[in-house]
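1. sequence first, then the predicted structure:
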Protein chains: 2
Amino acid sequence: MRQRQMRMEAVLEQLLPAPELAPQRLHQAMRYAALGGGKRVRPLLAYAAGELGGAPVERVETVAAAVELIHVYSLVHDDLPCMDDDDLRRGKPTCHVQFDEATALLVGDSLQSLAFQLVAERTIAHSAALQLELVRMLALAAGSRGMAGGQAIDLDSVGKSLTQTELEFMHMHKTGALIRAAVLLGAHCGDGLEAEHLDAINHYAKCVGLAFQVVDDILDVEASTATLGKTAGKDAENNKPTYVSILGLSDARNLAQELHQNALSALTGFGDKARRLVQLADFIVRRQS
Amino acid sequence: MRQRQMRMEAVLEQLLPAPELAPQRLHQAMRYAALGGGKRVRPLLAYAAGELGGAPVERVETVAAAVELIHVYSLVHDDLPCMDDDDLRRGKPTCHVQFDEATALLVGDSLQSLAFQLVAERTIAHSAALQLELVRMLALAAGSRGMAGGQAIDLDSVGKSLTQTELEFMHMHKTGALIRAAVLLGAHCGDGLEAEHLDAINHYAKCVGLAFQVVDDILDVEASTATLGKTAGKDAENNKPTYVSILGLSDARNLAQELHQNALSALTGFGDKARRLVQLADFIVRRQS
C-alpha cells in the first residue's frame, strides 16, 4: 500500500504543471495542495479495483490521479473561510493560508479542469466510446448530483438535527460519490468484468464509502489534531450532525463494523483477485487518522 | 442573433438541473447564475463557427452550452469577495449576494462539472476519438494554462505596470482561451474543415478574443453601470492595468479596429459561409455593453 501511495505521488508530481511554468504562483499552489500528503484512499481503491478488472496499470494511474485531483480541489475549496474555514490540512497550513484566498479558489478550479483534461487526453479504456462514458461518470460524481451537491446539503444541515437517513443521503453524495467513482473507474479500465461483477463492485464501493465517513466522524471525536493532520473536534464545534451525534459513539462503531462486513460480502465471488479491495476495506475501517 | 440567444437560453434552461431537484438551493443558484442574461457571445461564436463547418445544430448547441457554463462559472467565482468583490452582474445581484458565498463557490464548481458532463454524454463529434479531443480542448481552455491561469496572472498584475505584450499574454489566457475554444469546438462539430481552414478560424478567434477584451476595457471607462449591467469603472478603481491605461483611449480604439480588420481578413477565403462570423466580429467591436 505504501508503495502505491508513493507511486501515486510520483504520477501526480509528473502530471501537475511544472512549478516554473507560467503562471508560476498558481502552479506552485496547485502542487502545494496536491503533493506531499494524504492517505490517497481513492487512488488506492482505483488501483485495487483495476487489479480486479485486469486493467493495464497506466490506465488505472490516470483515473486514480484524476479522482485524487478532484478530491484535492474539493479539500482546497472546503477549507476556504466561506466554507469550513480551516487552517490545517494534511499536517500543513491550508492552501489559502499558505498562499491567499483568491489563489486557493483558482487552485481548486484549475485542479478540476486538469482532472478532466487527463481523462480526455490519456487512454483509460479499451474504446473511445467507453472512455467518454467514464469521463461522464467522473463529472457526475463531482457535480451537483454528486460531491459538490453533498457539500451543499452539508452546508444546509449545519445546526439542524438530521435523521440517520438524511445524514446517509448527504454522505452518499459528499464523499460516497467520488469513492464509488474511484472504484468503478478503476474497474472499467479493464474490460474483463460483466454487469453482475460491476454490480457487486458498486455495492462494495457504496459500503466502503459510507464506512469511510462513519469512521471519519468517530475520529473527529476520538483522535487528536496531531494524529489527524487536520483540526479535530471541528464537527461538534461547527454544530454539524454526524454519525456520532445521531447514533452515539458505540452505535456508530457498530455501524462501521456492519458496513465493513457488507463490503467484504460483496467481494466473496471474486476470490483472491479481490485481495487488495479486502485489505482496503480493513484499512478504511481500522485507520487511526 | 436575438433568436439564437433565445435558443441558447432555452437549451441551458433544459440542460441545467431542475430547481426542484435536491439539493434545491444549489440548483436554484446554478440556474440563477446561468439563466436570464448575458450577451451569450461564446455560444453565438460557436453557432457561427458550426455553420461554417457544416455542423449539425444539436452538436453545436451542446458545445455552446458547455462553453457558456464554463464562462458563467468563472463569472460567479470572479465576483466573489476574495476576487473582484462585485455586487452586480448582468443587471442582477451577483450570485453570492443573492445566495451566499459558500453557495456561490459550489455553483461555480458544479457548473464546471456540468460542462464536462455535457460534452462527454451528448454527441458533439463524428467520432468518439475526436470527441475526446474536444473535451481535452475545453479542459485546456478552462484550466491553469487557459482561463483560470489568466485570472491568476490578472491577480498578480494588480497595481503593476504591464507592457502591452504582458497585458496581451494575460488576456490571451483570461478571455481569449475560452473564446477560441468556443469557435474551434463549434467548427469541429462538423467534419468538413481541413487543417488550413482550422488555422484561419483559429486566427479569427484569436483576433476576436483580444478585440473583445480591448472593447471591454474601453467600455469600463466609457459606459455607465446601467448600460453594462455590471459595475463600471472597476478597473481604474482596482488599479488594474488595461488597454486604456497602457495605450490611452484613442490608441485602444485603433487597436480594436485593427484586430477587427485582422479577424475579417482571416475569413476572406470562406465567402458567404462566414457571414455569421463576420457579423459577430462587427458586434463584438461595436457593442455598447
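-> Cool, got the structure. Numbers count the residues shown, from 1 in each chain, chains lettered A, B, ... in the order given.
2. quick one: A:L178 from B:D84, how far?
-> With distances taken as C-beta to C-beta, to the nearest Å, A:L178 is found 30 Å from B:D84. Where C-beta positions appear, they are placed from N, C-alpha and C, glycine not excepted.
3. now do the helices in the stretch 1-150 of chain A.
-> Per DSSP state H, counting those that start in this stretch, the stretch 1-150 of chain A carries helices over the ranges A:2-15, A:24-34, A:41-52, A:57-78, A:95-98, A:101-121, A:128-142, A:147-157.
4. when A:L178 and B:D84 are compared, which one has more neighbours?
-> Set side by side, A:L178 and B:D84 show more neighbours around A:L178, with 24 against 21, by other C-beta atoms under 10 Å in any protein chain shown.
5. residues contacting that one?
-> A:42, A:67, A:70-71, A:74, A:141-142, A:146-147 (C-beta atoms under 8 Å, 6 or more residues apart in numbering or on different chains).
6. could you redo the residues you listed as a markdown table and give each row neighbour count?
-> Supplementary listing: the contacts of A:L178 in a markdown table, determined by neighbours: other C-beta atoms under 10 Å in any protein chain shown:
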| residue | neighbour count |
| --- | --- |
| A:R42 | 30 |
| A:V67 | 27 |
| A:I70 | 28 |
| A:H71 | 25 |
| A:S74 | 24 |
| A:A141 | 25 |
| A:A142 | 31 |
| A:G146 | 26 |
| A:M147 | 28 |
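7. got those as a markdown table, with distance to B:A252 and pLDDT columns?
-> Formatted as a markdown table, the contacts of A:L178 follow (distance: C-beta to C-beta, whole Å; pLDDT from 0 to 100):
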| residue | distance to B:A252 | pLDDT |
| --- | --- | --- |
| A:R42 | 49 | 97 |
| A:V67 | 45 | 98 |
| A:I70 | 41 | 98 |
| A:H71 | 44 | 98 |
| A:S74 | 41 | 98 |
| A:A141 | 45 | 98 |
| A:A142 | 40 | 98 |
| A:G146 | 44 | 97 |
| A:M147 | 43 | 98 |
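8. ok, which pair from those residues is furthest apart?
-> Greatest spatial distance among those (C-beta to C-beta): A:R42 and A:G146, at 13.2 Å.
9. can you count the residues close to the nearest residue to A:P81 once chain neighbours are set aside?
-> Using C-beta to C-beta, 6 or more residues apart in numbering or on different chains and skipping residues adjacent in sequence, the residue nearest A:P81 is A:E101, 6.7 Å away. The number of residues packed near A:E101 is 17, by other C-beta under 10 Å.
10. how about A:E121?
-> Burial measure for A:E121: 16 neighbouring residues, criterion other C-beta under 10 Å.
11. was I right about it contacting B:R136?
-> Yes - taking C-beta atoms under 8 Å as the contact criterion, A:E121 and B:R136 are neighbours in contact, 4.5 Å apart.
12. need the residues touching each of the two.
-> The contact sets of A:E121 and B:R136 do not overlap (C-beta under 8 Å, 6+ apart).
13. re the thing from before, which one of the contacts of A:L178 sits closest to chain B?
-> If you rank these by distance to chain B using C-beta to the nearest C-beta, A:A142 comes first, at 4.4 Å.
14. can you list the low-confidence ranges for the stretch 51-200 of chain A?
-> Within the stretch 51-200 of chain A, no range satisfies pLDDT under 70.
15. which residues touch the residue in the stretch 151-289 of chain A that chain B sits nearest to?
-> For the stretch 151-289 of chain A and chain B, the shortest gap (C-beta to the nearest C-beta) falls at A:A152, measuring 3.9 Å. Shown in contact with A:A152 (C-beta under 8 Å, 6+ apart): A:144, B:23, B:25-26, B:103, B:106.
16. cutoff 10 Å now
-> A:144, A:170, A:173-174, B:22-27, B:29-30, B:102-103, B:105-107, B:109-110 (C-beta atoms under 10 Å, 6 or more residues apart in numbering or on different chains).
17. and A:E258, how many neighbours?
-> Residues near A:E258, counting by other C-beta under 10 Å: 14.
18. please disregard the earlier target; I meant A:A281.
-> Other residues within reach of A:A281, judged by other C-beta under 10 Å, total 26.
19. and if you look at A:G192?
-> 11.
20. do the longest helix along chain A and chain B meet?
-> Ranked by residue count, the top helix of chain A under DSSP state H comes out as helix A:195-222. No - judged by C-beta under 10 Å from any C-beta of the partner chain, helix A:195-222 stays clear of chain B, getting no closer than 17.3 Å.
21. what packs against that helix?
-> With contacts defined as 3 or more C-beta pairs under 10 Å, 6 or more residues apart in numbering or on different chains; DSSP states H and E, the secondary structure elements packing on helix A:195-222 are helix A:41-52, helix A:164-171, helix A:177-188, helix A:225-228, helix A:234-237, helix A:243-247, helix A:249-266, helix A:275-286.
22. hmm, try it at 7 Å
-> Packing partners of helix A:195-222 (3 or more C-beta pairs under 7 Å, 6 or more residues apart in numbering or on different chains; DSSP states H and E): helix A:164-171, helix A:177-188, helix A:234-237, helix A:243-247, helix A:249-266, helix A:275-286.
23. other residues contacting the shortest one?
-> Read it as helix A:234-237. A:84, A:217, A:220, A:242 (C-beta atoms under 7 Å, 6 or more residues apart in numbering or on different chains).
24. and the residues you listed, which two are furthest apart?
-> Maximum pairwise distance in those, criterion C-beta to C-beta, is 14.7 Å, between A:D84 and A:D217.
25. how far away is A:L114 from B:G149?
-> Taking C-beta to C-beta as the criterion, A:L114 is separated from B:G149 by 11 Å.
26. just A:R145 next, same as before
-> Separation of A:R145 from B:G149 (C-beta to C-beta): 28 Å.
27. and stretch A:112-129, does that touch chain B?
-> Yes - with C-beta under 7 Å from any C-beta of the partner chain as the measure, stretch A:112-129 is seen reaching chain B through A:112-114, A:116-117, A:120-121, A:128-129.
28. buried set for that stretch?
-> Of all the residues in stretch A:112-129, those buried under the rule 16 or more other C-beta atoms under 10 Å in any protein chain shown are A:112-122, A:124-125, A:128.
29. try stretch A:248-256
-> Residues of stretch A:248-256 classed as buried by neighbour count (16+ other C-beta under 10 Å): A:252-253, A:255-256.
30. now it: how far from the chain's centre is it?
-> Its chain's average C-alpha position is 22 Å from that of stretch A:248-256, according to C-alpha atoms, centre = their mean, to the nearest Å.
31. mean confidence score for it?
-> What stretch A:248-256 shows for mean pLDDT is 95.
32. got the CA positions of it in CSV?
-> Backbone C-alpha positions of stretch A:248-256 (Å, rounded to 0.1, in the frame of the first residue of the first chain) are rendered in CSV as follows:
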residue,chain,number,x,y,z
GLY,A,248,-23.7,7.8,19.8
LEU,A,249,-20.2,6.5,19.7
SER,A,250,-21.0,2.9,20.4
ASP,A,251,-23.6,2.5,17.7
ALA,A,252,-21.5,4.5,15.3
ARG,A,253,-18.8,1.9,15.8
ASN,A,254,-21.3,-0.9,15.3
LEU,A,255,-22.4,0.7,12.0
ALA,A,256,-18.8,0.9,10.8
